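A.B. asks: pasting the structure only:
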């Protein structure tokens with residue numbers, strides 16, 4: 001079964017909008033795990049507009065499943081990850097001013113940089129993953145960094161699927177097959193939803209984990225958080 005890691009950034013965004021502690025990020029995290037989520041993902045950005053660095057520390061002793069911290073490996077981020085030692089760190093090349101992640105790494109031009117950081121994380125027993133587009137050359141480059149996994153950036157699939165183009169999944173199928181040949185584990189995330197997740201799971205082999213936040217929280221406004229988590233688990237089984 002493909003594991004479901006719930007990205008809780010949107011919960012933090014809602015909390016920050018009022019400046020208090022409602023909704024309570026800790027309590028929501030506990031509930032998500034109780035409802036069946038097999039992992040929790042956070043993506044602290046330098047401006048802390050949703051998840052704050054302190055949140056990442058506070059969650060360390062709350063998460064009993066898998067803890068995935070995403071982000072651009074700037075020095076502050078690297079220091080935080082080494083102190084927390086989550087289950088997994090996912091390296092994302094987002095610049096400070098982007099609204100949300102919008103591209104995978106160029107693993108060829110950044111190979112040496114990524115390899116150095118990944119080695120440091122792996123020496124601290126932290127599983128490493130690289131956010132990549134479904135481009136075979138980038139998959140090969142990721143393998144050369146020494147990473148444990150890749151996370152496929154799935155926006156193009158989600159956009160194509162919403163327009164009835166099921167062929168949009170093919171680059172992801174091919175990328176997963178290539179990654180598996182190199183011994184890389186395969187994660188995926190970005191704009192995956194209840195509408196498109198089942199077909200993606202069916203078409204992408206060796207899929208270990210999906211990280212879903214925006215769609216899951218939005219769907220929960222109508223369907224309820226516990227119900228939505230279990231709907232995802234059913235579609236991923």
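C.D. replies: Looks like it arrived, so ask away. This one's a predicted model, so the numbers in the text were calculated from it and none came from an experiment. Numbering: from 1, shown residues only.
A.B. asks: A strand includes residue 159, no?
C.D. replies: No - going by DSSP: H, G, I helix; E, B strand; the rest coil, the assignment for residue 159 is helix, not a strand.
A.B. asks: ok, now which ones touch it?
C.D. replies: By CB atoms under 8 Å, 6 or more residues apart in numbering, the contact set of residue 159 is 168, 191. Every C-beta, even on glycine, is put in place using the N, C-alpha and C of the backbone.
A.B. asks: where's it relative to residue 165, distance?
C.D. replies: 9 Å (CB to CB, to the nearest Å).
A.B. asks: hey, what's in contact with both of the two?
C.D. replies: Counting by CB under 8 Å, 6+ apart, nothing touches both residue 159 and residue 165.
A.B. asks: Could you pull out the helices in the chain for me?
C.D. replies: 9-18, 25-35, 53-59, 75-84, 111-123, 136-144, 155-162, 170-181, 197-203, 214-223, 225-236 (DSSP state H).
A.B. asks: The residue nearest the centre of the chain - nearest residue in space that isn't next to it in sequence?
C.D. replies: Nearest to the geometric centre of the chain sits residue 211, at 4.1 Å (CA atoms, centre = their mean). Excluding the flanking residues, the one nearest residue 211 by CB to CB, 6 or more residues apart in numbering is residue 189, at 3.7 Å.
A.B. asks: likewise residue 21?
C.D. replies: That would be residue 15: by CB to CB, 6+ apart, it lies 6.4 Å from residue 21.
A.B. asks: and the one you found, how many neighbours does it have?
C.D. replies: 21 (other CB atoms under 10 Å).
A.B. asks: pLDDT at it, what is it?
C.D. replies: Residue 15 carries a pLDDT value of 97.
A.B. asks: wouldn't it be in contact with residue 28 here?
C.D. replies: No - taking CB atoms under 8 Å as the contact criterion, residue 15 and residue 28 are not neighbours in contact, 9.1 Å apart.
A.B. asks: Could you list the low-pLDDT ranges of the protein?
C.D. replies: 95-102 (pLDDT under 70).
A.B. asks: my read: residue 84 touches residue 57, true?
C.D. replies: Yes - in this structure, residue 84 is within contact of residue 57 by CB under 8 Å, at 6.3 Å.
A.B. asks: Which of those two has more residues huddled nearby?
C.D. replies: Set residue 84 next to residue 57 and count neighbours by other CB under 10 Å: residue 84 wins out with 16 against 12.
A.B. asks: what about the more buried one, distance to residue 69?
C.D. replies: For residue 84, the distance to residue 69 - CB to CB - is 7 Å.
A.B. asks: between these two, what contacts are shared?
C.D. replies: With CB under 8 Å, 6+ apart as the test, residue 84 and residue 69 both reach residue 56.
A.B. asks: just to revisit the earlier point, the residue nearest to the centre of the chain and residue 79: what is the separation?
C.D. replies: Distance from residue 211 to residue 79, by CB to CB: 23 Å.
A.B. asks: before we move on, what about residue 135?
C.D. replies: Noted for residue 135: a distance of 31 Å to residue 79, by CB to CB.
A.B. asks: so which of the helices of the chain comes closest to residue 93?
C.D. replies: helix 111-123 (9.5 Å; CB to CB).
A.B. asks: what about that closest one, distance to the chain center?
C.D. replies: With CA atoms, centre = their mean, to the nearest Å as the basis, helix 111-123 stands 19 Å off its chain's centre.
A.B. asks: Good, we can wrap up now.
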